[in-house]
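Visitor: Fold the following, please.
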Amino acid sequence: MPSILDSKNTAAPSVFLPAALLREARRQKKLATADVPAICILDPDGDMVRRLRESDEAQPFKPWACYHTQLDTFMLAGQTVGMVGCAVGAPFAVLVAEQLFASGCRLLISLTSAGQITANTPPPYFVIIDRALRDEGTSYHYAAPSEYAEAAPSLVKMARDALGCAKQQVLVGATWTTDAPFRETADAIDLARSKGALAVEMEAAALYAFAAAAGVPVLCLAHVTNSMGQAGDDFEKGEADGTRDAFAVLARLVNAFQGLS
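Guide: Next comes the predicted model:
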């Protein structure tokens, strides 16, 4: 039976590199070469990007040569940061992450909405993801098979310290990364829960596998907002679609991580 794990050599260099794609995109679009902000954020839901554009706080980063996304810049914690919206799912998130680091990004934070697996407290709340169950395909192109993809412990510690006094509720723990949110069966949920997963999301395992392989800093957070539609009034993220709390959490992280960028 064919397996996604067949013929994988994660140590072999790739022929196709993000720098080559960006070079050709710049040539075709007649774009100048310029570094993106040192700290960039992935917003898979797109709510934060939409909010920034509606309030005229975001500016498009015109030299961004990605074929598939727009990079916006805005001020957060006194620093210009970049944000890419709607890069949902492991392959898309890593595609964008590869191009951001090839364009000068020095720290990437992903903040995605997530479904609750272990009911520690009612949603919404945040989870600093310290490891992610690898139930997706992208991570296996970057790291040998293992059950989890791990975050850099130093980044997790810095995030825990930065958010320790935050008004928002923040947990630290594992998530389950899946490619197929509408195949979250009862057995699959029970299995993830038995392994200690707090929430289910779609990007963290792949982003952490990429980060370890490339030697770049990536931190993933889950904004737990729902119980997969199993309760009334589900998917309520909070004030302004949860963006008020999300920006408050990100501001604390950007402030703490400025020394890394």
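
Visitor: Packing partners of whatever helix or strand F92 lives in?
Guide: Under the criterion of DSSP states H and E, F92 resides in helix 90-102. Packing contacts for helix 90-102, counted by 3 or more C-beta pairs under 8 Å, 6 or more residues apart in numbering; DSSP states H and E, involve helix 18-29, strand 39-43, strand 79-85, strand 107-116, helix 204-214. In this view, the C-beta of every residue, glycine as well, is placed from N, C-alpha and C.

Visitor: Those: which one's closest to Q168?
Guide: Within these, the stretch nearest Q168 is strand 107-116; the backing value is 11.7 Å (C-beta to C-beta).

Visitor: Okay, helices next: where are they in this structure?
Guide: Taking DSSP state H as the test, the helices found in the chain are 18-29, 47-54, 90-102, 153-163, 186-194, 204-214, 243-257.

Visitor: residues in contact with the nearest residue to V88 once chain neighbours are set aside?
Guide: Take V88 and drop its neighbours on the chain: the residue closest to it by C-beta to C-beta, 6 or more residues apart in numbering is P44, 4.2 Å away. Taking C-beta atoms under 8 Å, 6 or more residues apart in numbering, we find P44 in contact with 85-89, 93, 110, 112-113, 202-203.

Visitor: partner residues bridging the most centrally placed residue in the chain?
Guide: When C-alpha atoms, centre = their mean is applied to the chain, the residue found nearest the centroid is S110 (2.6 Å). S110 forms beta bridges with L42, C220, as assigned by DSSP bridges.

Visitor: same deal with the one 4 residues further on?
Guide: Beta-bridge partners recorded for A114 (DSSP bridges): V224.

Visitor: and it, what does it touch?
Guide: A114 sits next to 127, 175, 199-201, 222-226 when contact means C-beta under 8 Å, 6+ apart.

Visitor: cool, R50 as well?
Guide: G85.

Visitor: Would you quantify the distance from it to Q70?
Guide: As for R50, its distance to Q70 is 12 Å (criterion: C-beta to C-beta, to the nearest Å).

Visitor: overlap in contacts of the two?
Guide: Both R50 and Q70 are contacted by G85, under the criterion C-beta under 8 Å, 6+ apart.
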